[in-house]
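Asks: I'd like to go over a predicted model; first the sequence, then the structure.
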Amino acid sequence: MAVQRRGNFKISDSNTTEKKIKRYNVHRQTSHSRAFIITLLLLTAICAVVSWLFLSFNDDITETLVSRWEALSQPRVFVVQCSEDYENHKRFPGCTPTKCGRAVSDNVVTKEEAQMLKRLAERGLSLGGSDGGASILDLHSGALSWGKKFVNIYRYFSAEINDVFTEDDFKLYRDVRGRIQRVIAETFGLDPTQMHLTKPTFFSRINSTGAKTTHDEYWHPHIDKVTYGSFDYTSLLYLTDYSVDFGGGRFIFMDPDGNRTVEPLSGRVSFFSSGSENLHRVEKVAWGTRYAITVSFTCDPDHAISDPILP
Ligand SMILES: O=C(O)CCC(=O)C(=O)O
Ligand SMILES: [Fe+2]
């Protein structure tokens, strides 16, 4: 009996141990799940804080002024307070910026005209081109990127030049320049006859090839009036489409409170007063090829240049 009793006691003893083990396992599992949930919550909170910091301080976060998917039926204008830059230069009433800002128009140049100008740029640039990612062709001075330097296309290719460009190409360039000049005058309330074409005025071709010289480093923030001296109004005519022909390559106004972009679109004209109220840069091109023309105007007749002519 005693043995039996001892036996029963042993059974109930092992039941208790088993229950204890079970309870311990349940407790351990619950603790693990709780720790897992707490870790997950912590990670989520850390992610949220990091994203918030990224969104608040990352200088690449931008407002899009005009998207590639829009087709503007009239110029979109953004007024910006003029910088003091113009005070250090001789003033020309009716032209020197008193109203500053930036604007974009999709109505100045047709898609067909942009296509013709792009072909002109392709033909000219096919004669040379930079070793790095940025090549230019300046129809006025004849400067053409060539490896790590420049050549004068009119001198270097004098025998071929009339096969590459036609009188119609130059007429189209002049027409387009005149229309851009008028839209800038209308937008900023200027007398168009007081505005003069100034140098440099050039076609640009940019791809994702790495820079080989500083001439290829197109992405640096700059102020056109400082970089080029004579500029009062800068215009850019785009000849290819952002996100279709190339990636990256957006135009970025770098304002004190953040970046504002213009997405290039074939035939789109973007123009702005050239002082430090319009500090800007071009985003690096990630893929494809971006074509544009920089056409600029000065109020100072001493810095005027005439339209390019076919020799
Ligand atoms: O191609 C562009 O969008 C801008 C070029 C530019 O900033 C310049 O030519 O000064
Ligand atoms: Fe510029």
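Replies: Done, it's in. Ligands and ions are numbered 1, 2, ... in the order given.

Asks: how near is Y291 to A48?
Replies: Distance of Y291 to A48, given as C-beta to C-beta, to the nearest Å: 42 Å. Where C-beta positions appear, they are placed from N, C-alpha and C, glycine not excepted.

Asks: higher neighbour count, the two?
Replies: More neighbours surround Y291 than the other of Y291 and A48, with 24 against 10 (other C-beta atoms under 10 Å).

Asks: mind checking what secondary structure S270 has?
Replies: strand (DSSP: H, G, I helix; E, B strand; the rest coil).

Asks: that one bridge partners, please.
Replies: Counting by DSSP bridges, S270 forms beta bridges with V104, L236.

Asks: list the contacts of it.
Replies: Shown in contact with S270 (C-beta atoms under 8 Å, 6 or more residues apart in numbering): V66, R102, A103, V104, S235, L236, Y238, F251, V262.

Asks: just checking: what are the partner strands of the longest strand along the chain?
Replies: Determined from DSSP state E, the single longest strand within the chain is strand 196-206. Paired strands of strand 196-206, with direction, are strand 134-137 (antiparallel), strand 290-298 (antiparallel) (DSSP bridges).

Asks: ligand 1 contacts on the chain?
Replies: S204, D224, L236, F251, H280, V282, A292, T294 (C-beta under 6 Å from any ligand atom).

Asks: make it 5 Å
Replies: L236, F251, V282, A292, T294 (C-beta under 5 Å from any ligand atom).

Asks: which parts of stretch 147-167 are buried?
Replies: F150, V151, I153, Y154, Y156, F157, I161, F165 (16 or more other C-beta atoms under 10 Å).

Asks: ok, T201 to K212 distance?
Replies: 24 Å.

Asks: these two: who's more crowded?
Replies: Between T201 and K212, counted using other C-beta under 10 Å, T201 has the larger neighbour count: 21 against 15.

Asks: so who does that one touch?
Replies: Residues in contact with T201 (C-beta under 8 Å, 6+ apart) are D138, L139, H140, I293, T294, V295, S296, I305.

Asks: so what's the first one up against?
Replies: By that I understand D138. Contacts of D138 (C-beta under 8 Å, 6+ apart): L144, K199, P200, T201, F202, F203.

Asks: again, only using 6 Å
Replies: Taking C-beta atoms under 6 Å, 6 or more residues apart in numbering, we find D138 in contact with P200, F202.

Asks: thought N278 was touching F271?
Replies: No. Between N278 and F271 there is no contact under C-beta atoms under 6 Å: 9.9 Å.
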